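Novice: Quick one, what's the 3D model for this:
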Amino acid sequence: MRWALVKVCLAVTAMVVVAFAVPLGLVVKEMARDRAFSDAERQAATMGPTLSITTDRNELETAVLTTEPGGAGRMAVHIPAADEADSRPLEIGTGRATREDLETVRRTGRASITEVPGGSALLQPTALGSRDNAVVEVFVPEDEVSNGVATAWLVLAGVGAALIVGSVAVADRLGVRMVEPAQRLAGAAHDLGEGRLGTRVAEEGPAELRSAAAAFNSMADQVIQLLANERELAADLSHRLRTPLTVLRLNAASLGEGPAAEQTRAAVQQLEHEVDIIIRTAREQRPQSQIPSGAAGAGCDVSEVIRDRMAFWSALAEDEGREVRLAGVERTVRIPVARSELAAALDALLGNVFRHTREGTAFAIDVHHSGDAVIVLVSDAGGGIADPAAALARGGSGSGRGGARGAVGSTGLGLDIVRRVAESTGGDVRIGRSVLGGTEVRVWIGLDGRRPERDRRGHRVGRRRRGATRRNVALRFRSGKA
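Specialist: Residues are numbered from 1 along each chain as shown. Model prediction:
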């Protein structure tokens, strides 16, 4: 494309140069010819006064030699015979024109230019009183006719070549400006097709290519977002399998001894291992992105969802001898979170309690409505989490609670699911020490259904005010006034 543009520009410029330079060169040539013969006419006219006075050979030879062309041997005077008795015409100087041309000019009385060897001859008739016309011949060499024409043609050729070179250079720069962004866009599309999702195109070049680059970058972002949605959905769905797997593993542990019991426990362990692999693979491949858990119009009743999930987990808690306390779920509280997302978050929190605390460890769920937010506290009487910050780190492995069977097989996705649910409403998740002595996970869910606004540095707008509200609510809750 670049060379095609250069060739087109070269052809157009060459046509323009030829269209102007050739006629201009012809005009210069004609002007040089007119200048040469005009000078010859002027030299011939200087002989008119002398011829009108005398026809004496000596005087005429002297007059001819005093002129520039006469001194150079390029002027001649042709005087016809005076009468019939003297038939010899008078010839002064070196004549080059033929007798026929001289007779024609003498008879017609009009000047004429005739071709002679080495150039041209100007034949100028001059009246000799009442007698016939004399003819003054001035020889104009060929080099005088074309004097300066070659130089003019060279100048025109140089100007034309400079115009062509300049136009080619400009066309090349324009071609680079147009072609390079197009090549980068094509290369980026090729890279994206090969799976390099981080490929982006600089928005440079003409307006059309900048628009195409912006559309490509937007498309690449959407592709990454769609892949992230699919992978995160796969991770979430796989993590939800942990809830029935936990129940199945604990039930398998109570089967006693025997080949069937061992096979069941081995199958459950293998299934847990495969689920862990799916979760880790999805988390390692997905980009860091946030997906809204739901909109304000598609929310659920947090109290009803908590009662439903506790009904599911209470059977397992009874089998393990765990004391369960449930508070604050008597009233209906709507939150801008989809029911399935909230259920997944609760199952993740309760699954962590059963998975990482010993049998017989008590736990509790408390719900508090503060007007603009809902606080869900999941507490246990275990040994606590050694590093809460690491447990909340996105994509990190969850640290096991103290006294648990360990964090073997933990993917860290459980708290990540809970955090995404909370942050989709403008809230967050905190880990602290519970009044039962173990871990307390506090989930703050905003009721306006909007994500927190952030400034240019990524900090939340109104963070201090909201933090103060949370501290007040926490103090009221712990003091028993909630």
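
Novice: from here on, contacts and neighbour counts on C-alpha atoms
Specialist: Fine.

Novice: low-scoring stretches of the stretch 51-200 of the chain, by residue?
Specialist: 82-87, 129-131, 176 (pLDDT under 70).

Novice: where do the strands sit along it?
Specialist: With DSSP state E, counting those that start in this stretch as the criterion, the stretch 51-200 of the chain has strands at 75-79, 90-93, 112-116, 119-127, 133-141.

Novice: Could you tell me the phi and psi values at Leu255?
Specialist: phi -80, psi -10 (degrees, to the nearest 10).

Novice: That one and Arg355: what is the separation?
Specialist: 18 Å (CA to CA, to the nearest Å).

Novice: Repeat that for Pro89.
Specialist: 142 Å.

Novice: try Arg419
Specialist: Arg419 is 19 Å from Arg355, by CA to CA.

Novice: do Gly73 as well
Specialist: 127 Å.

Novice: same question, Arg433
Specialist: The value you get for Arg433 to Arg355, if CA to CA is used, is 18 Å.

Novice: got it, and Glu100?
Specialist: Distance from Glu100 to Arg355, by CA to CA: 132 Å.

Novice: for Ala327, same thing?
Specialist: In terms of CA to CA, Ala327 sits 23 Å off from Arg355.

Novice: all strands for the stretch 301-450 of the chain, in order.
Specialist: Under DSSP E, counting those that start in this stretch, the stretch 301-450 of the chain gives strands at 324-327, 334-335, 363-369, 373-380, 428-433, 439-446.

Novice: so can I have TSV of those showing distance to Ala161 and mean neighbour count?
Specialist: Below are those laid out as TSV (distance: least, CA to CA, whole Å; neighbours: other CA atoms under 10 Å):
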stretch	distance to Ala161	mean neighbour count
strand 324-327	93	14
strand 334-335	78	21
strand 363-369	85	21
strand 373-380	79	23
strand 428-433	73	17
strand 439-446	75	23
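
Novice: Reformat those strands as a markdown table; add mean pLDDT and distance to Ala344.
Specialist: Formatted as a markdown table, the strands of the stretch 301-450 of the chain follow (pLDDT from 0 to 100; distance: least, CA to CA, whole Å):
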| stretch | mean pLDDT | distance to Ala344 |
| --- | --- | --- |
| strand 324-327 | 92 | 18 |
| strand 334-335 | 89 | 15 |
| strand 363-369 | 92 | 15 |
| strand 373-380 | 93 | 14 |
| strand 428-433 | 90 | 15 |
| strand 439-446 | 92 | 14 |
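
Novice: Output stretch 317-334 in CSV with nothing but the alpha carbons.
Specialist: Taking C-alpha atoms only, stretch 317-334 is exported to CSV below (Å, rounded to 0.1, in the frame of the first residue of the first chain):
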residue,chain,number,x,y,z
ALA,A,317,-23.7,-29.3,62.7
GLU,A,318,-25.9,-31.6,64.8
ASP,A,319,-23.9,-34.7,63.6
GLU,A,320,-20.6,-33.0,64.6
GLY,A,321,-22.0,-31.7,67.9
ARG,A,322,-21.6,-28.1,67.1
GLU,A,323,-23.6,-25.5,68.9
VAL,A,324,-25.2,-23.0,66.5
ARG,A,325,-26.6,-19.5,67.3
LEU,A,326,-28.6,-17.5,64.9
ALA,A,327,-29.7,-13.9,65.6
GLY,A,328,-31.2,-10.9,63.7
VAL,A,329,-33.0,-12.9,61.0
GLU,A,330,-36.6,-12.3,62.2
ARG,A,331,-37.3,-9.3,60.0
THR,A,332,-37.2,-9.0,56.2
VAL,A,333,-34.2,-7.2,54.8
ARG,A,334,-33.8,-6.8,51.1
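
Novice: Begin at 29, not 1, for the rest of this chat.
Specialist: Understood, numbering begins at 29; the last thing we discussed is stretch 345-362.

Novice: distance between it and the chain's centre?
Specialist: Mean-position distance between stretch 345-362 and its chain equals 56 Å (CA atoms, centre = their mean, to the nearest Å).
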